[in-house]
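> The sequence and its predicted three-dimensional model are supplied below.
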Amino acid sequence: MRDICPDPLTLSDSLLDWYDTHARRMPWRVPPRDRKSGVMPDPYRVWLSEVMLQQTTVVTVKDYFHRFTERWPTVGDLAAAKDSDVMGEWAGLGYYARARNLLKCARQVVSDHDGRFPADHAALLTLPGIGPYTAAAISSIAFDLPHAVLDGNVERVMARLHDIHTPFPVAKPELMAKAAALTPQSRPGDYAQAVMDLGATICTPRSPACGICPWSAHCRSRKLGTADELPKKMPKKTKPMRHGVVYVGRRADGAWLLETRPDKGLLGGMLGWPGSAWVDKSTALPDVPTPAAAAWRQLPGEVRHTFTHFHLHLCICVADLPLDITPDIGGFVARDVFRPSDLPTVMRKAFDLARTAF
DNA sequence: AAGTCGTGGGC
DNA sequence: TGCCCAAGACT
């Protein structure tokens, strides 16, 4: 079978040729032509985009990336930002530990690296929120160092190219070795983006467009007809159902009763409505302490939301609160200051349902 | 080293 | 509708 995978250099060259004419334009990316003429991307923008792109689609990221770079043009600006401003700007993107680590990382780059991202892969790995993939992405894309990127796209491409049937994530070391063997010394930054573009636009999870793939002549699974059944994955567990209550309180002057959630755990560090823990059975709900003594009324209907590993049914209680009340939990956010867009999606859903009751 | 950690879109 | 998936990191 060696004949269909002849030479790593042939493969990387053919992919780079494809990328020269098919590279997707993105706000954080330097097109191949500009890069060839010496233009390098801003490491801050590469880092920011890569963190946002972790488990998140390009389409979703674009608006967030624009808002972040407009508001905080440099890593120094971001490092100086208020935590609540960054968390609010991240709201809706999900995986909120990324936002907390984003701030930690920015401040560490300022304090430990003179405000400049290190090019070195090992140094990048020590920064919060930068793991093996993101370190390789930054060092290759921003600094043109030949580190192999292994994300979901590359895993899929390698599994098909080499017809690897070992299920993920068991196959990861093997896939990494394949990806590293193909990464060229020349134009590693463009190559990293090219191989991910290939997975995102041609070697897609369903119905790969093998007919127009620059690697089709060298692809083992293409030859064997197994591309459609790759990559193999471990079976997934079914998500349990959880139940909870949130309290949406509005003071007479229009201020909303909110809390900042603890840094650890689900929605950590995010703004939200006070409420119960989210438990397996709804029978334990009546004993929840309310955030303020008031005539809370339960709304008909409920909020449904699905997280990574469980479904949630959220019961909504609302109340009008007097001006002189002192809440037991959380604090009031003035009507003019409160931005619903600062809420994570599940809390935004609760707000959208609750506001109809006022 | 499995489990935890969001969300929106596609089929 | 329910399930799959998306440029993973952290514990």
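Sure thing, it's come through.
> Helix, strand or coil: sort out residue A:73 for me.
coil (DSSP: H, G, I helix; E, B strand; the rest coil).
> Give me the pLDDT for it.
On pLDDT, residue A:73 comes in at 98.
> And for residue A:286?
For residue A:286, pLDDT reads 59.
> swap in the one 5 residues further on?
Per-residue confidence (pLDDT) for residue A:291: 95.
> Contacts only, for it.
Residues in contact with residue A:291 (C-beta atoms under 8 Å, 6 or more residues apart in numbering) are A:247, A:249, A:257, A:259, A:274, A:327-330. C-beta: built from backbone N, CA, C; applies to glycine.
> Swap in 10 Å and give it another go.
Counting by C-beta atoms under 10 Å, 6 or more residues apart in numbering, residue A:291 makes contact with A:246-249, A:257-259, A:273-275, A:317, A:319, A:321, A:327-331.
> Kindly report the same for residue A:305.
A:242, A:311-314, A:344-350.
> go on, residue A:272?
Residue A:272 touches A:246, A:258-261, A:266, A:330, A:342-344, A:346-348, A:350-351, counting by C-beta under 10 Å, 6+ apart.
> For the stretch 1-150 of chain A, what lies in contact range of DNA strand C?
Within reach of DNA strand C by C-beta under 7 Å from any atom of the strand, the stretch 1-150 of chain A has these residues: A:24, A:26, A:29, A:49-50, A:53-58, A:95, A:97, A:101, A:128-135, A:137.
> Can you tell me which of the residues you listed are classed as buried?
By neighbour count, with 16 or more other C-beta atoms under 10 Å, those hold A:26, A:29, A:49-50, A:53-54, A:101, A:129-130, A:132-135, A:137 as buried.
> among those, which are in strands?
Among these, no residue falls in strands (DSSP state E).
> As a markdown table, those with pLDDT would be great.
Formatted as a markdown table, these follow (pLDDT from 0 to 100):
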| residue | pLDDT |
| --- | --- |
| A:26 | 96 |
| A:29 | 96 |
| A:49 | 98 |
| A:50 | 98 |
| A:53 | 98 |
| A:54 | 97 |
| A:101 | 98 |
| A:129 | 98 |
| A:130 | 98 |
| A:132 | 97 |
| A:133 | 97 |
| A:134 | 98 |
| A:135 | 98 |
| A:137 | 98 |
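> In chain A, which residue sits nearest DNA strand B?
residue A:94 (2.6 Å; C-beta to the nearest atom of the strand).
> Can you tell me how far that residue is from residue A:61?
11 Å (C-beta to C-beta, to the nearest Å).
> okay, and the common contacts of these two?
Shared contacts of residue A:94 and residue A:61, counting by C-beta under 10 Å, 6+ apart, come down to residue A:54.
> returning to that earlier point: of the contacts of residue A:291, buried ones?
Listed as buried from the contacts of residue A:291 are A:246-249, A:257-259, A:273-275, A:317, A:319, A:321, A:327, A:330; burial here means 16+ other C-beta under 10 Å.
> does residue A:59 sit in a helix, a strand or a coil?
Following three-state DSSP, residue A:59 is assigned to helix.
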